[in-house]
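what follows is a protein structure lacking sequence information:
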């Protein structure tokens with residue numbers, strides 16, 4: 001850090017003069033602090049939803065949301081099948097995307113996985 005030049009008035013510090021490069025560095029830090037405050041405010045909202053990085057990453061890498069959430073919850077296919085009453089063969093097809101889940105299946109899956117039904121929807125195509 002560069003030491004500022006202090007300009008006094010009546011024997012007391014009145015102004016601090018710093019190089020422009022140092023001021024730009026301080027401005028960047030202030031901008032970053034404002035971004036952090038905005039993030040903190042967003043995280044403090046009671047209606048916020050956060051999807052774990054592992055789930056988001058798996059979905060972006062091509063996994064179905066059902067598979068990504070099942071893996072994140074540490075459940076095997078058989079355990080999820082038993083908990084939801086959906087046959088393992090059917091779950092395999094749902095995870096592979098070779099068939100679509102019925103609304104009652106989605107509700108059971110969401111409840112068992114502790115997510116919202118729309119969290120199990122496939123992301124929009126690019």
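Nice, I can see it. Computed from a predicted structure; not experimentally measured.

residues in contact with the least confident helix or strand in the chain by mean pLDDT?
Least confident helix or strand, the chain: helix 20-44 with a mean of 91, by mean pLDDT, DSSP states H and E. Helix 20-44 has contacts (CB atoms under 8 Å, 6 or more residues apart in numbering) with 1, 2, 4, 18, 48. For the C-beta atoms, the positions are set from N, CA and C on the backbone; glycine is no exception.

I'd like the residues you listed written out as CSV, with secondary structure and neighbour count added.
Converted to CSV, those look like this (DSSP: H, G, I helix; E, B strand; the rest coil; neighbours: other CB atoms under 10 Å):
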residue, secondary structure, neighbour count
1, coil, 7
2, coil, 9
4, coil, 14
18, coil, 14
48, coil, 8
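
which residues in the protein form strands?
For the chain, the strands defined by DSSP state E occupy 5-9, 12-17.

let's have these in CSV, adding mean neighbour count and distance to residue 73.
Below are the strands of the chain laid out as CSV (neighbours: other CB atoms under 10 Å; distance: least, CB to CB, whole Å):
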stretch, mean neighbour count, distance to residue 73
strand 5-9, 10, 60
strand 12-17, 9, 55
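
of these, which approaches residue 96 most closely?
strand 12-17 (64.7 Å; CB to CB).

the closest one pairs with which strands, parallel or anti?
Take DSSP bridges as the rule and strand 12-17 pairs in its sheet with strand 5-9 (antiparallel).

just the mean pLDDT for the strand it pairs with, thanks.
For strand 5-9, the mean pLDDT works out to 94.

give me the contact list for that strand.
Against strand 5-9 from outside (CB under 8 Å, 6+ apart): 13, 14, 15, 16, 17, 18.

what distance do you get for the first one to residue 6?
Right, the one you point to is residue 13. Per CB to CB, to the nearest Å, residue 13 is found 5 Å from residue 6.

was I right about residue 4 contacting residue 16?
Yes - contact criterion CB atoms under 8 Å: residue 4 and residue 16 qualify, at 4.1 Å.
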